[in-house]
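Trainee: Predicted model and sequence below, questions to follow.
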Amino acid sequence: MARRNDSNLSLQLTWHESSLHLWAIDPNGQVAHMIDLMRVADRTLGQHVSASALAGRVPVPLPSPLGTTPTTSLRINVSHLDQARPAGRAIAGSASLRWFIALSDLAKATVIAGRVRPLLEIDGPVHVAHWVPITDQALETALVDLQRLMPPICAVTEISRLFEDLVDAMVRRTLWARAWRPPHPRHGRGTEYRAAQAAFRALASAGGNVLYRNDDRDALAELSRALAHEAERAAGLAVLSPQLRLHLPDELDDPWRLTLELVDIDQADHWCTAADVVDGTPLALDLARRADQLSRLRERVGDAGQLLGDHLGALLAPLKVFADDPTAIAELAIEEVETFLATAPALLESIDIRLLGPEQLIRAKTGVRAAATARPESATSGRFSAGALVQWNATVDDSPIDDAQLERAAAAGNSLIHVGGRWVRLDTQQVRNTLLRLQKNRVEHAEVDVAGLLKLAADAAAGDAGSPSVVALDGPGWIQEL
């Protein structure tokens with residue numbers, strides 16, 4: 001069989017199923033066989049292209065009346081695209097090849113300028129580290145122009161995704177060529193060190209898969225968040241974090257309310273509610289910084305609402321409302337608040353959602369206070385033979401509280417209590433210890449002499465305020481001087 005004249009063949013590039021396919025066609029619409037394709041590719045691009053390529057077939061959408069035609073192709077790696085350029089003059093009729101080379105040149109310029117950052121994506125047990133470009137207005141404009149000028153035969157549906165793949169491949173190849181390895185810190189130990197080393201080794205590898213120990217998964221999740229935040233800062237975007245706000249009830253019998261918000265973690269005073277985000281209010285626009293970023297905010301609150309419904313809905317049914325409507329208000333009874341405060345913080349931390357409680361809702365400590373008054377003088381009284389009558393009372397952060405209120409809290413196992421016009425959280429075991437101490441002191445120390453008062457004063461001065469066994473001593477005159 002006579003050899004085909006390949007001088008009229010035109011090399012083309014087509015994107016198909018996440019791969020680049022090099023193929024050739026003549027002016028009559030006849031696609032080249034493999035031997036002719038390799039010959040023209042070696043002559044015009046260099047043998048290194050065909051040497052690293054894999055043989056394949058790709059359906060090419062040719063103009064009518066030819067239609068979609070199965071075509072012999074050379075599948076080349078994305079990282080080798082910048083090498084697939086003509087060695088001499090431009091190839092006639094290869095608009096697709098020139099378009100891909102222009103996209104490759106843009107990716108190379110982005111890498112050289114250092115406008116790249118690492119990311120660590122986690123999908124269940126699969127951890128993949130990769131590089132992403134930091135986009136700005138100039139880069140976005142260039143990509144839009146390339147999308148507009150793209151020949152149909154290129155068949156690229158998501159130019160931004162292909163551009164990210166090109167940037168990632170070029171950075172990896174650069175690091176591999178330099179034999180780069182992550183530096184070893186002087187005092188590197190523990191899960192954080194192992195997670196960082198594993199992630200950065202993956203960033204210089206061909207595939208990006210992170211090899212890790214199960215003990216390091218929490219550290220890898222934290223590293224993933226830190227890298228994502230750094231990429232957002234580099235792009236001039238607000239570093240957003242969802243937060244769940246717990247509202248105090250207006251009245252004692254009213255339900256507690258939970259609402260979803262977004263906050264800029266670098267500027268904590270910049271935040272807005274999920275309802276602001278959905279409605280696009282000025283508060284949401286201020287948080288987004290740019291109007292085109294409002295969709296990003298809506299995506300974040302939608303994802304956060306789904307996470308709340310999936311992870312906390314089983315624990316507390318009222319929180320399922322966030323999965324359907326992130327702007328909803330979840331209402332909790334006092335008993336549910338107890339469960340929420342005991343178990344939700346760890347779950348929220350695992351899904352990177354902050355818990356924001358009211359300022360008044362703080363952990364308080366219980367104690368006992370002795371109010372001593374001088375015993376009425378007798379004929380034999382003198383300062384060092386004097387005694388005192390002691391009235392023992394329970395306190396919460398040094399504020400008096402009714403014994404019955406503490407007893408009800410201890411009996412019900414509640415940690416939330418309303419005292420002094422505010423809601424506070426108490427340690428249930430500490431409450432029980434305080435009540436026992438209170439009862440014992442009322443029985444054994446209702447009346448004490450000077451030595452007993454001195455001991456109480458010493459305990460009050462030297463004790464730890466966090467211990468329920470410590471007392472505070474009040475009294476007038478010579479008692480106060482003790």
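Mentor: Thanks, I have the structure now.
Trainee: the strands in the stretch 301-450 of the chain, which residues?
Mentor: Applying DSSP state E, counting those that start in this stretch to the stretch 301-450 of the chain gives strands spanning 330-332, 354-356, 362-363, 366-374, 387-396, 399-400, 416-419, 422-425, 447-449.
Trainee: Partner strands of the longest one, with direction?
Mentor: Based on DSSP bridges, the strands next to strand 387-396 in the sheet, each with its direction, are strand 366-374 (antiparallel), strand 399-400 (antiparallel), strand 447-449 (antiparallel).
Trainee: Lowest average confidence across those, which one?
Mentor: Mean pLDDT is lowest for strand 366-374 out of these, coming in at a mean of 61.
Trainee: ok now do the nearest residue to Glu336 once chain neighbours are set aside, which residues does it touch?
Mentor: Nearest residue to Glu336 in three dimensions, chain neighbours excluded: Leu316, at 5.6 Å (C-beta to C-beta, 6 or more residues apart in numbering). C-beta coordinates here come from the backbone N, C-alpha and C atoms, glycine included. The contact partners of Leu316, by C-beta atoms under 8 Å, 6 or more residues apart in numbering, come to 330, 332, 336, 339-340, 344.
Trainee: Need the max-distance pair from those.
Mentor: Ala330 and Thr339 (13.0 Å; C-beta to C-beta).
Trainee: Between those two, which is the more surrounded one?
Mentor: Ala330 (24 against 13; other C-beta atoms under 10 Å).
Trainee: Straight-line length of stretch 145-154, end to end?
Mentor: 15 Å (C-alpha to C-alpha, to the nearest Å).
Trainee: List the buried residues of it.
Mentor: For stretch 145-154, burial by neighbour count (16 or more other C-beta atoms under 10 Å) applies to 146, 150-151, 153-154.
Trainee: Leu260 should be in a strand, yeah?
Mentor: Yes - counting by DSSP: H, G, I helix; E, B strand; the rest coil, one finds Leu260 located in a strand.
Trainee: Name the nearest residue to it, sequence neighbours excluded.
Mentor: With sequence-adjacent residues excluded and distances taken as C-beta to C-beta, 6+ apart, Leu260 is closest to Ala274, at 4.3 Å.
Trainee: my read: that neighbour touches Pro326, true?
Mentor: Yes - with contact defined as C-beta atoms under 8 Å, Ala274 counts as touching Pro326 (4.3 Å).
Trainee: which residues are in contact with both of these two?
Mentor: 260, 301, 304-305.
Trainee: Looking at those, which is nearest Gly208?
Mentor: Using C-beta to C-beta, Ala304 comes nearest to Gly208 of the shared contacts of Ala274 and Pro326, at 26.9 Å.
Trainee: Grab the nearest non-local neighbour of the closest one.
Mentor: Of all residues not flanking Ala304 in the chain, Pro242 sits nearest, at 3.5 Å (C-beta to C-beta, 6+ apart).
Trainee: Kindly report the same for Val60.
Mentor: Nearest one to Val60, counting by C-beta to C-beta, 6+ apart, is Thr71 at 4.6 Å.
Trainee: Quick check on Asn28: phi, psi?
Mentor: When read as degrees, to the nearest 10, the backbone of Asn28 gives phi -90, psi 0.
Trainee: what about it, how many residues close to it?
Mentor: Here the number of neighbours of Asn28 (other C-beta under 10 Å) works out to 6.
Trainee: How about Glu140?
Mentor: If you count neighbours by other C-beta under 10 Å, Glu140 ends up with 12.
Trainee: cool, and Val321?
Mentor: For Val321, the tally of surrounding residues (other C-beta under 10 Å) stands at 19.
Trainee: Report the contact partners of it.
Mentor: 309, 328-330.
Trainee: tell me the contacts of the residue nearest to Leu260?
Mentor: Listed by C-beta under 8 Å, 6+ apart, the contact partners of Ala274 are 259-262, 301, 304-305, 326-327.
Trainee: Next one: it relative to Arg354, how far apart?
Mentor: Going from Ala274 to Arg354 by C-beta to C-beta, to the nearest Å gives 14 Å.
Trainee: what's the overlap in contacts for the two?
Mentor: The contact sets of Ala274 and Arg354 do not overlap (C-beta under 8 Å, 6+ apart).
Trainee: ok, and the closest non-adjacent residue to Ala235?
Mentor: With C-beta to C-beta, 6+ apart, the residue lying closest to Ala235 is Ile134, at 5.1 Å.
Trainee: so the one you found makes contact with Ala113?
Mentor: No - Ile134 is beyond contact range of Ala113, at 9.2 Å (criterion: C-beta under 8 Å).
Trainee: out of the two, which sits in the busier spot?
Mentor: Using other C-beta under 10 Å, the more surrounded residue of Ile134 and Ala113 is Ile134, with 19 against 11.
Trainee: wait, what's in contact with the more buried one?
Mentor: Residues near Ile134 by C-beta under 8 Å, 6+ apart: 115-117, 231, 234-235.
Trainee: Report the buried members of those.
Mentor: Buried by 16+ other C-beta under 10 Å: 115-117, 231, 234, out of the contacts of Ile134.
Trainee: what's Trp131 in contact with, if anything?
Mentor: Neighbouring residues of Trp131 by C-beta under 8 Å, 6+ apart: 116-119, 167-168, 171-172, 203.
Trainee: rerun that using 7 Å as the cut-off
Mentor: 116, 118, 167-168, 171, 203 (C-beta atoms under 7 Å, 6 or more residues apart in numbering).
Trainee: out of those, who's nearest Asn393?
Mentor: Pro118 (59.8 Å).
Trainee: can you tell me the helix or strand for that closest one?
Mentor: In the assignment (DSSP states H and E), Pro118 maps to strand 116-123.
Trainee: what's that strand in contact with?
Mentor: 110, 127-134, 167, 171, 199, 203, 220-221, 223-224, 227-228, 230-231, 234.
Trainee: Just the buried ones out of the residues you listed, please.
Mentor: Buried subset of the contacts of strand 116-123 (neighbour count, 16+ other C-beta under 10 Å): 110, 127, 129-134, 167, 171, 199, 203, 220-221, 223-224, 227-228, 231, 234.
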